[in-house]
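Asker: Output the structure for:
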Amino acid sequence: MRRIVDLEGVVIAESVEAIAEPSMWRSRDILDAGVKVGEIRIGRSLRPLLYQTAGVGLVAAMLGLCVFVAMRVLPLRTLNRALAENAKLYDETERRRREAEALARVVRSLTATLDMGAVGERIVTSVRELFGVKASTLRLLQPDGSLRALASAGEAFSTRSGEDVLVAGTGLASVAVAEGRPIWSADVLNESKVPLTAEMRDHQLRSGNRSMIAVPLRARDKIIGAIALSDQTGRMYSDSEVALVQTFADQAALALENARLYEEMVKLAADLSRSNKVKDEFLSVMSHELRTPLNVVMGYVGMIKDGMLGEINPEQEKALEKVLTRARDQLGMINSVLQATLLEAEGAKMESNEFSLREFLEELRSAYDLHLGTELTMDWYYPSDLPAVKTDREKLKQILQNLIDNAIKFTEKGNVTVSARYLNGSRVGESSRRQEKGDSQNGVVELKVSDTGVGIAKEHFSVIFERFRQVDSSETRRYGGVGIGLYVVKKFTELLGGKVEVQSEAAKGSTFTVTIPCESYRSAASQQRLRAEGRESNA
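Answerer: Alright, predicted model coming up:
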């Protein structure tokens, strides 16, 4: 429809065609010499467009509905199947989680004891509860290839009918051990691949158990037995259940192996204890019994040498001196063996007493002034004002004697040097620090024994302080002895709270240094001088 209107909007002319509402209008200006004088308006009805749009929308709605229906109905079965699979997967995951937790609890219970019988009982009880079967049996492999029952749960095997022992090649457990893999059967009586004896068939008929599974017990790549589970339900075992039974069997095998090793260790420890006790008793008795007649021999030889039983010539005296020297060496070895035996069997105790360190060294020095070879000299170095000390005198003497005797034995010619000193206010392994208490103070006694003998290679330092050990322990060794001296030195030094160190080089000699912490006392002369100085000061 077309209309012409003036500037005020008054219709001047229009077409006679009418249009249905609703409508849509467009306008164009009418110009006269460039000046607007009116408008031409053109209108169009929207009803056909709405009809067309409604038709298209209806068609689209129909298509959408079809698509929706198709998408809703067609994948419904697939969706249901997916949901079912998810539920099954969830149930399987939950089941495996519960099984893993139960297996972990079982493993903890198996490792709670090391008694073989108790471990076996826990294994059969746990596996029966874990898999909900009627009976379970644990069998261990014997040297002849048979399987002997260690424990069972749910039903007892009969020893009278020989059911506690499976002959090699009979029974499901024997097949599992022979093939090294799990074997199961829903009906073992009618399973042709499972060989059964007449007694085994009678037992299965009495118990009513038809469904069985047997898995080998493997420890350290070695089969040590088998676990058998039996039930009356004709149960079929899935792959996951078989794997779980095998996992349990692996853990059970480790527990059994640990228990077996523990029992072997206990037995070995008992055997060693008995052996050591017999050895110590033997050494103690022999040391006592040998020492008594040897003292008698030395006494008579000394009497003959001193002319108490008649005159002897110089050659006889030399011979008797050699006998005495060898007898003293033998007595020293016997005493060392006795001391070592007492250290191991009873344990030595420290007995603290006060004595003059200088007098102690003088006494020991006088004992070594004689009986030295012509090519061996012995030097002593220690200050004259050594204080009195408080420690175990006899053990300190034994320490120094063993070091000196050891140095003399391995030094054919040259010299052995013994030195001693007292260090005020210093403990072994601590910085020097004076700690006075009245007329006493803490410190250390340092003893050194050096020689120019054969020396010791560094690779042997770790063994020279062991009992009955020598650097050369061959039957053709050049130097005698039983290898006890340095062992006693180390034990006594540690008992007194000290330490022993060695510096040595093969063919150049050795130096042993012993430091013993002890309490020292001022000498009597020093105390008298201090008291005199105090009286003068007061005056």
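Asker: What about the spatially closest residue to Ile183 that is not a sequence neighbour, how many residues nearby?
Answerer: Using CB to CB, 6 or more residues apart in numbering and skipping residues adjacent in sequence, the residue nearest Ile183 is Ala176, 4.6 Å away. Placement of C-beta: from N, CA and C, glycine included. Look at Ala176: counted by other CB atoms under 10 Å, it has 25 neighbours.
Asker: swap in Thr137?
Answerer: 28.
Asker: Helix, strand, or coil at the residue nearest to Ile183?
Answerer: Three-state call for Ala176 (DSSP: H, G, I helix; E, B strand; the rest coil): helix.
Asker: right, and it touches Ala214 too?
Answerer: Yes - using CB atoms under 8 Å, Ala176 is in contact with Ala214, at 4.0 Å.
Asker: hey, what's in contact with both of these two?
Answerer: Counting by CB atoms under 8 Å, 6 or more residues apart in numbering, the common neighbours of Ala176 and Ala214 are 182-183, 226.
Asker: From those, list just the buried residues.
Answerer: 182-183, 226 (16 or more other CB atoms under 10 Å).
Asker: Could you give the bridge partners of Leu31?
Answerer: Lys36 (DSSP bridges).
Asker: surely it meets Val37?
Answerer: Yes - between Leu31 and Val37 there is a contact under CB under 8 Å: 7.1 Å.
Asker: what about Gly120, neighbour count?
Answerer: 24.
Asker: That one: what's it in contact with?
Answerer: Shown in contact with Gly120 (CB under 8 Å, 6+ apart): 138, 150-151, 256.
Asker: of the buried ones among the shared contacts of Ala176 and Ala214, closest to Met24?
Answerer: Pro182 (85.8 Å; CB to CB).
Asker: just the helices in the stretch 151-300 of the chain please.
Answerer: 171-179, 198-207, 239-305 (DSSP state H, counting those that start in this stretch).
Asker: what's the angle from the shortest one to helix 239-305?
Answerer: Just to be clear, that refers to helix 171-179. 70 degrees (axes from the mean of the first three to the mean of the last three CA atoms, to 10 degrees).
Asker: Kindly export helix 171-179 (C-alpha atoms) in CSV.
Answerer: C-alpha atoms of helix 171-179 as CSV (Å, rounded to 0.1, in the frame of the first residue of the first chain):
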residue,chain,number,x,y,z
GLY,A,171,46.9,-84.8,46.1
LEU,A,172,46.2,-81.3,44.8
ALA,A,173,49.0,-79.7,47.0
SER,A,174,51.6,-82.1,45.5
VAL,A,175,50.5,-81.0,42.0
ALA,A,176,50.8,-77.3,42.9
VAL,A,177,54.3,-77.9,44.4
ALA,A,178,55.4,-79.9,41.4
GLU,A,179,54.1,-77.4,38.8
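Asker: Please name every helix or strand in contact with that helix.
Answerer: Applying 3 or more CB pairs under 8 Å, 6 or more residues apart in numbering; DSSP states H and E, one finds that helix 171-179 makes contact with strand 135-141, strand 147-153, strand 183-185, strand 211-219, strand 222-231.
Asker: show me the contacts for Ser27.
Answerer: So Ser27 contacts 39-42 (CB under 8 Å, 6+ apart).
Asker: Show me how far the helix or strand hosting it is from its chain's centre.
Answerer: Following DSSP states H and E, the helix or strand that holds Ser27 is strand 23-32. The chain centroid and the centroid of strand 23-32 are separated by 104 Å under CA atoms, centre = their mean, to the nearest Å.
Asker: Including mean pLDDT, could the helices and strands packed on helix 171-179 go into CSV?
Answerer: CSV is the format used below for these (pLDDT from 0 to 100):
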stretch, mean pLDDT
strand 135-141, 86
strand 147-153, 84
strand 183-185, 81
strand 211-219, 85
strand 222-231, 86
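Asker: Kindly reformat those strands as TSV containing distance to Leu376.
Answerer: Shown next, in TSV, are these (distance: least, CB to CB, whole Å):
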stretch	distance to Leu376
strand 135-141	67
strand 147-153	69
strand 183-185	81
strand 211-219	62
strand 222-231	62
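Asker: Is Val133 in contact with Ile227, as I believe?
Answerer: No - with contact defined as CB under 8 Å, Val133 does not reach Ile227; the gap is 10.9 Å.
Asker: which of the two has more neighbours?
Answerer: Taking other CB under 10 Å, Val133 and Ile227 do not tie; Ile227 has more neighbours (25 against 22).
Asker: Test of understanding: give the bridge partners of the more buried one.
Answerer: Note on Ile227: beta-bridge partners by DSSP bridges are Leu138, Val215.
Asker: Kindly report the same for Ala149.
Answerer: Arg139.
Asker: again with Ser419
Answerer: Taking DSSP bridges as the rule, Ser419 bridges to Tyr381, Lys448.
Asker: could you check the distance from it over to Ser336?
Answerer: Using CB to CB, to the nearest Å, we find Ser419 at a distance of 24 Å from Ser336.
Asker: next one: Ile19
Answerer: In terms of CB to CB, Ile19 sits 139 Å off from Ser336.
Asker: Looking at these two, which is more packed in?
Answerer: Ser336 (23 against 15).
Asker: okay, the strand holding Ser27 in PDB with CA atoms only?
Answerer: Taking Å, rounded to 0.1, in the frame of the first residue of the first chain, the C-alpha atoms of strand 23-32 are listed here in PDB:
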ATOM      1  CA  SER A  23       2.200  -4.100   8.700                       C
ATOM      2  CA  MET A  24       5.600  -2.600   8.200                       C
ATOM      3  CA  TRP A  25       6.200   0.900   6.600                       C
ATOM      4  CA  ARG A  26       9.100   2.700   4.900                       C
ATOM      5  CA  SER A  27       9.200   6.400   3.900                       C
ATOM      6  CA  ARG A  28      11.100   8.600   1.300                       C
ATOM      7  CA  ASP A  29      11.200  12.400   1.200                       C
ATOM      8  CA  ILE A  30       9.600  14.500  -1.600                       C
ATOM      9  CA  LEU A  31      11.900  17.400  -2.500                       C
ATOM     10  CA  ASP A  32      11.000  20.600  -4.400                       C
END
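Asker: Could you pull out the buried residues of that strand?
Answerer: By neighbour count on 16+ other CB under 10 Å, the buried set for strand 23-32 is Ile30.
Asker: for the record, mean pLDDT for that strand?
Answerer: If you average the pLDDT over strand 23-32, you get 83.
Asker: elements contacting the one helix or strand Ala319 maps to?
Answerer: Assessed by DSSP H and E, Ala319 sits inside helix 314-345. Of the remaining helices and strands, those touching helix 314-345 by 3+ CB pairs under 8 Å, 6+ apart are helix 239-305, helix 393-409, helix 485-495.
Asker: Check the offset of the first one from the chain's centre.
Answerer: Taking the mean C-alpha point of helix 239-305 and that of its whole chain, the gap between them comes to 22 Å (CA atoms, centre = their mean).
Asker: Going forward, the N-terminal residue is numbered 59.
Answerer: Okay, using 59 as the starting number, the last item reads as helix 297-363.
Asker: Against which helices or strands is it packed?
Answerer: For helix 297-363, the packing partners by 3+ CB pairs under 8 Å, 6+ apart are helix 134-168, helix 174-189, strand 269-277, strand 280-289, helix 372-403.
Asker: Could you single out the most deeply buried of these?
Answerer: Mean neighbour count (mean count of other CB atoms under 10 Å) peaks for strand 269-277 among the helices and strands packed on helix 297-363, with a mean of 24.
Asker: can you state the direction angle for that one and helix 174-189?
Answerer: 130 degrees.
Asker: so strand 269-277 versus strand 205-211, what angle?
Answerer: Between strand 269-277 and strand 205-211, the angle comes out at 110 degrees (the same axes, to 10 degrees).
Asker: How much space separates Ala284 from Pro274?
Answerer: 5 Å.
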